[in-house]
Every structure is written in C-alpha cells, then in structure tokens.
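Q: what follows is a predicted structure for the sequence shown.
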Amino acid sequence: MFTTVAEAADVLRSLGAAGTAVRPVGSASRAGWGGSSGGDDLPTTGLNRILEHNPGDFTAVLECGVPLADAQKTFASAGQWLALDPSPGGTIGGLVATADSGPARHRYGGVRDLVIGVTLVLSDGTVARSGGKVIKNVAGYDLGKLFTGSFGTLGLVAEVAVRLHPLPTGTATAVATFTDPSAVARAAAGLSRRPLEALSLDATWRTGTGQLLVRFGGVTATSQATRVASLLADAPDVTVVENDEPLWDAQRAAQRSPSGAVLKVSHRPADLAAVLSAADAVGATVVSRAALGLSWLARPDVRPDDVATVRRLLAPAPVTVLDGGDRVPAPWPDVDAGVVAVQQRVKARFDPARIFRPGAFVGGL
C-alpha cells in the first residue's frame with residue numbers, strides 16, 4: 001500500500017510497464033458500479049490525510065483515501081461542510097470517481113462543481129496537477145471535471161482541492177403526499193420555477209404513492225417551509241417537518257440497493273411523471289432530484305429484463321445500472337460512435353498503458 005503520491009507514482013509506473021490492470025478502491029462502498037472490476041484492486045486508503053483546511057477561504061485539500069464522514073467532522077468544527085451528502089460510506093477519491101452526490105446537489109451542484117483542483121497519477125507514473133486551491137481559478141485545462149465520473153478508468157485521483165460552504169444552522173422540510181405521478185411532476189415543476197433558495201427539492205415514489213420534499217436551512221427554515229407548504233395546499237396531505245434528518249437519511253438510503261439493482265436515469269425534468277410510471281412497470285421505487293432531471297430506480301433484486309424495459313419506456317434518456325452493474329450484461333447505455341471515438345482518444349492520452357479498469361466504462365472503454 002502506498003502512503004504518498006510519489007510512492008503511488010512508483011507503483012503505477014511498475015504496473016503500467018507490466019501491463020497489470022487495476023481498479024482504484026477506497027472503501028469499496030460502490031465497488032459494483034461501472035460493471036466488471038476491470039482489474040486487481042489498488043487500495044488507496046494509505047492516502048488518508050487532510051492536507052489543508054483553510055476556513056477563511058472556504059477551501060480544503062484532501063488525499064483520495066479520506067473518508068467523507070471524517071472530512072465533514074473536521075469541517076464542521078469551523079462551521080463549514082463539503083456540500084456532498086450521498087448515501088453513507090465512501091472516500092473522497094471514490095466520490096469524485098463516481099460523481100456520486102445526494103439531495104444537496106439541488107442547491108450546491110454536483111461533485112464536479114465543488115472540485116477546484118486535482119493531483120493525478122497516470123499509468124506511466126506521471127504526476128499531473130490541474131487547478132489550484134482558490135475558488136476563482138481559471139488556469140489550465142480543468143482535469144478535475146474530466147476525471148469526475150470517470151469511474152477510475154483514466155488514472156488515480158490522488159489529491160483533491162475542494163470548495164466548502166457554511167454549514168446550515170437548522171433545517172425544516174415541507175412534505176406533500178400524492179397518489180398521481182402527474183401531480184408530483186406538476187408540483188415539482190411549479191416549485192422549480194420559483195426563487196425558493198431551497199437546499200433540496202426531491203421526489204420519492206413507491207407503489208402508487210409519492211412525496212415531494214422541499215428542504216430549507218438557516219434561521220428562517222421553518223417559515224420558508226411553511227410558505228412552500230401553503231403553495232402545495234392542493235396535495236392530499238401536506239406537513240412541515242422540523243426534525244427532518246430521518247426523512248433525508250431515507251432519501252439517501254433509497255438511492256442504494258447493494259444486493260439488488262439501482263438504475264440512474266438522466267432525463268428532462270418535464271419527464272418526471274414518465275419516470276415514475278416506468279418504475280411502477282418494473283416494481284421499482286424512485287428517488288429523484290426533481291428539478292434537475294436525475295432519478296434513481298431501485299429494486300431489491302437484479303432482473304436484466306427490467307433494465308431493458310426501463311430503457312425502452314424512457315428512450316432516449318440514458319439509463320445506467322449502478323448497484324448491480326456488475327451483475328447485468330449491459331450496465332451502460334448505448335452511446336454514439338463519435339462519442340466513443342473521442343473517449344478512446346482521451347483514454348489513450350491519460351492511460352497509455354491501458355491498465356485502469358479496461359473495458360469497464362461506457363462504450364467498452
């Protein structure tokens with residue numbers, strides 16, 4: 001196990017020369033994502049230090065093996081947080097590699113919006129750096145965005161510089177319950193057009209019943225949630241929940257099905273009702289970032305025919321299998337041949353030895 005970037009470069013230089021395929025692994029909490037393992041595990045947990053925390057600048061630099069939970073405890077001591085709230089588990093490097101995020105994405109953006117710099121180790125031992133440690137950084141090509149969501153197929157994300165935000169000092173959530181998919185979609189569309197400044201705007205759906213959850217933070221959280229509840233008065237049931245963390249824990253948990261299957265759908269926000277109906281067709285539950293057009297359909301087991309059904313019902317929306325991706329024949333959606341050609345050139349540039357998870361990315365990359 002390596003404990004410094006220089007050691008990681010030496011290890012990868014040797015592996016690259018030998019042509020040994022590897023898969024960078026932190027906590028392995030998302031190990032099945034991206035389909036086949038694509039190589040031997042390359043543990044990153046030796047790179048587990050918070051290198052810098054600059055409270056005055058709202059920035060930090062972390063090594064890839066730092067657990068997100070540990071980083072959040074450090075930031076919270078200064079009244080700050082890294083605005084990522086995915087399901088529990090995961091290291092900084094793993095979350096960058098998978099681009100996994102939670103309900104706070106509605107307000108703060110995804111992983112790629114919070115990364116301001118990266119240090120990478122490539123398969124020939126090259127150490128590459130991009131970005132920096134300040135928020136307003138426009139120097140050089142933004143490799144952080146390229147590597148975010150690359151599923152460990154281009155190189156090792158060894159260090160990450162991130163921007164932080166003030167930690168909300170209290171939260172409250174307006175919850176509206178519906179029995180009609182179209183009603184959920186209409187309510188979500190109506191709220192998404194309002195300047196609400198919500199922390200999160202999620203929908204959930206399970207066997208004919210759904211909810212719209214709108215979360216606020218700060219000293220006015222309850223009054224803001226109450227105002228939104230009044231805008232949802234046409235729903236069969238509307239409440240305001242002040243002790244709302246269990247609600248959002250349930251949302252995050254419903255995005256995962258470690259022993260089953262989770263299908264991530266990238267769709268137009270206007271197509272939310274169709275997504276909920278497709279979930280009913282295959283007996284899946286739904287968690288959706290309703291204003292962003294991202295939904296997760298979860299089942300307790302893996303049935304490849306259901307994946308094909310969802311893709312057919314929601315075409316041309318891309319459908320990717322996350323949990324269970326290593327147990328279905330086609331975890332990635334089909335992509336245009338031109339896109340694959342560009343990806344192949346990027347792969348060749350950053351992974352010339354082709355050892356980082358070969359064949360495990362979209363298009364068989």
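A: Thanks, I have the structure now. Quick caveat, the model's predicted, so the values are computed rather than measured.
Q: so residue 158: helix, strand or coil?
A: Counting by DSSP: H, G, I helix; E, B strand; the rest coil, the backbone at residue 158 sits in strand.
Q: what about it, how many residues nearby?
A: Counted with other C-beta atoms under 10 Å, the neighbours of residue 158 add up to 26. For the C-beta atoms, the positions are set from N, CA and C on the backbone; glycine is no exception.
Q: what sits closest to residue 304 if chain neighbours are left out?
A: On the basis of C-beta to C-beta, 6 or more residues apart in numbering, the spatially nearest residue to residue 304 that is not a chain neighbour turns out to be residue 328, at 5.0 Å.
Q: where do the helices sit along the stretch 101-250 of the chain?
A: Remark: helices of the stretch 101-250 of the chain, listed N- to C-terminal, are 105-108, 111-114, 143-147, 181-192, 221-231, 245-254; assignment by DSSP state H, counting those that start in this stretch.
Q: residue 47 is nearest to which of these?
A: Closest of the helices of the stretch 101-250 of the chain to residue 47 is helix 143-147, at 15.2 Å (criterion: C-beta to C-beta).
Q: quick one: the closest one to chain centroid distance?
A: Between the mean C-alpha point of helix 143-147 and the mean C-alpha point of its chain there is a distance of 14 Å (C-alpha atoms, centre = their mean, to the nearest Å).
Q: now swap in stretch 160-170 and tell me
A: Shown here is stretch 160-170, whose average C-alpha point lies 17 Å from the average C-alpha point of the whole chain (C-alpha atoms, centre = their mean).
Q: the helices of the stretch 101-250 of the chain: which one's closest to residue 71?
A: Closest to residue 71 of these, according to C-beta to C-beta: helix 111-114, at 11.8 Å.
Q: for the closest one, what is the average pLDDT?
A: Throughout helix 111-114, pLDDT has a mean value of 96.
Q: same question for stretch 39-47.
A: This predicted structure assigns stretch 39-47 an average pLDDT of 94.
Q: before we move on, what about stretch 4-18?
A: Mean pLDDT, computed over stretch 4-18, is 97.
Q: what bridges to residue 215?
A: For residue 215, the beta-bridge partners are residue 173, residue 200 (DSSP bridges).
Q: what is the neighbour count of it?
A: Counted with other C-beta under 10 Å, the burial measure for residue 215 works out to 28 neighbours.
Q: what sits against it?
A: 103, 171, 172, 173, 198, 199, 200, 201, 202, 225, 244, 248 (C-beta atoms under 8 Å, 6 or more residues apart in numbering).
Q: distance of the first one relative to residue 80?
A: Think residue 103. 19 Å (C-beta to C-beta, to the nearest Å).
Q: so residue 17 is in which element?
A: For residue 17, the enclosing helix or strand under DSSP states H and E is helix 5-18.
Q: identify the residues contacting that helix?
A: For helix 5-18, contacts defined as C-beta under 8 Å, 6+ apart pick out 2, 22, 42, 47, 119, 121-127, 156, 158-159, 352-353, 355.
Q: tell me which residues in that helix are buried?
A: Buried positions in helix 5-18, judged by neighbour count with 16 or more other C-beta atoms under 10 Å: 5, 8, 9, 11, 12, 13, 15, 16.
Q: just how off-centre is it within its chain?
A: That offset, for helix 5-18, works out to 28 Å (C-alpha atoms, centre = their mean).
Q: can you show me the CA trace of that helix as CSV?
A: Taking Å, rounded to 0.1, in the frame of the first residue of the first chain, the C-alpha atoms of helix 5-18 are listed here in CSV:
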residue,chain,number,x,y,z
VAL,A,5,1.9,10.5,-4.2
ALA,A,6,5.5,9.7,-5.0
GLU,A,7,5.0,6.1,-3.9
ALA,A,8,1.8,5.8,-5.9
ALA,A,9,3.7,7.0,-9.0
ASP,A,10,6.4,4.4,-8.5
VAL,A,11,3.8,1.6,-8.0
LEU,A,12,1.8,2.7,-11.1
ARG,A,13,4.9,3.0,-13.2
SER,A,14,5.7,-0.6,-12.4
LEU,A,15,2.2,-1.8,-13.0
GLY,A,16,2.0,0.1,-16.3
ALA,A,17,5.2,-1.4,-17.5
ALA,A,18,4.0,-4.9,-16.7
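Q: looking at it, residue 178 is touching residue 212, isn't it?
A: Yes - counting by C-beta atoms under 8 Å, residue 178 does reach residue 212; the two are 7.1 Å apart.
Q: hey, what's in contact with both of these two?
A: Residues within reach of residue 178 and of residue 212 at once, by C-beta under 8 Å, 6+ apart, are 184, 187, 235.
Q: so the residue nearest the centre of the chain is in which element?
A: By C-alpha atoms, centre = their mean, the mean C-alpha position of the chain lies nearest to residue 100, the distance being 1.5 Å. Assessed by DSSP H and E, residue 100 sits outside every helix and strand.
Q: ok, the closest residue to it other than its chain neighbours to residue 51 distance?
A: Distances taken as C-beta to C-beta, 6+ apart put residue 86 closest to residue 100, at 4.6 Å, once the chain neighbours are dropped. According to C-beta to C-beta, residue 86 stands 22 Å off from residue 51.
Q: neighbour count winner among the two?
A: Neighbours around residue 86 and residue 51, counted as other C-beta under 10 Å, are more numerous at residue 86. The numbers are 23 against 15.
Q: and the more buried one, which of the three is it?
A: On the three-state scheme (three-state DSSP), residue 86 is labelled coil.
Q: and it, how close does it get to residue 267?
A: In this view, residue 86 and residue 267 are 20 Å apart by C-beta to C-beta.
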